[in-house]
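> the sequence and its predicted three-dimensional model are supplied below.
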Amino acid sequence: MSEAKSYNHLFFVGFSVSQSEYDNPEDCLKHEKEKVMVSFFKRAGIIFADEWYPHEIEGSDTYEEDTAEINYLKETGMLPSGLNYTERGEGDE
C-alpha cells in the first residue's frame, strides 16, 4: 500500500518594524530581535483574524516531501512541538 503524498509550501508574509534605532534592515534583524518578533506576531494576528487572509500571504515554492524522512522525524520526536504534521487529509475539516 503506498503512502499518501504530502507537500511543503514556502510562503512570504510582509510586516514592518517601527521605531528601529538602525537605518538598515539587517542591523534591525541582528540587534532588535524582540521588536522584530513582536511586529511579526502582531501582523500574523491581524492577517489570520481576517477571512481574506490568503490575499495577504504570497506562495513561492512547493515540493513533495520525502515521506520516509517525515516518518523518521515523527518517530524520533525531532519535529517541533506544537506543529501538526499529518498526512494529507488527516485532520482536515
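In hand now; what should we look at?

> could you use CA atoms for every contact and neighbour count after this?
OK.

> which of the three states applies to His55?
Recorded secondary structure, His55: helix (DSSP: H, G, I helix; E, B strand; the rest coil).

> ok, now how distant is it from Val13?
10 Å (Cα to Cα, to the nearest Å).

> more crowded one of those two?
Val13 (12 against 9; other Cα atoms under 10 Å).

> assign Leu10 to helix, strand or coil.
Three-state call for Leu10 (three-state DSSP): strand.

> give me the most central residue, the protein.
Phe11 (7.0 Å; Cα atoms, centre = their mean).

> what sits against that residue?
57-61 (Cα atoms under 8 Å, 6 or more residues apart in numbering).

> buried sites along stretch 28-37?
For stretch 28-37, the neighbour count (16 or more other Cα atoms under 10 Å) marks 28-29, 32, 35-36 as buried.

> format those residues as a markdown table; extra columns: secondary structure and distance to Glu75.
Output for the buried residues of stretch 28-37, formatted as a markdown table (DSSP: H, G, I helix; E, B strand; the rest coil; distance: Cα to Cα, whole Å):
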| residue | secondary structure | distance to Glu75 |
| --- | --- | --- |
| Cys28 | helix | 38 |
| Leu29 | helix | 34 |
| Glu32 | coil | 36 |
| Lys35 | helix | 36 |
| Val36 | helix | 34 |
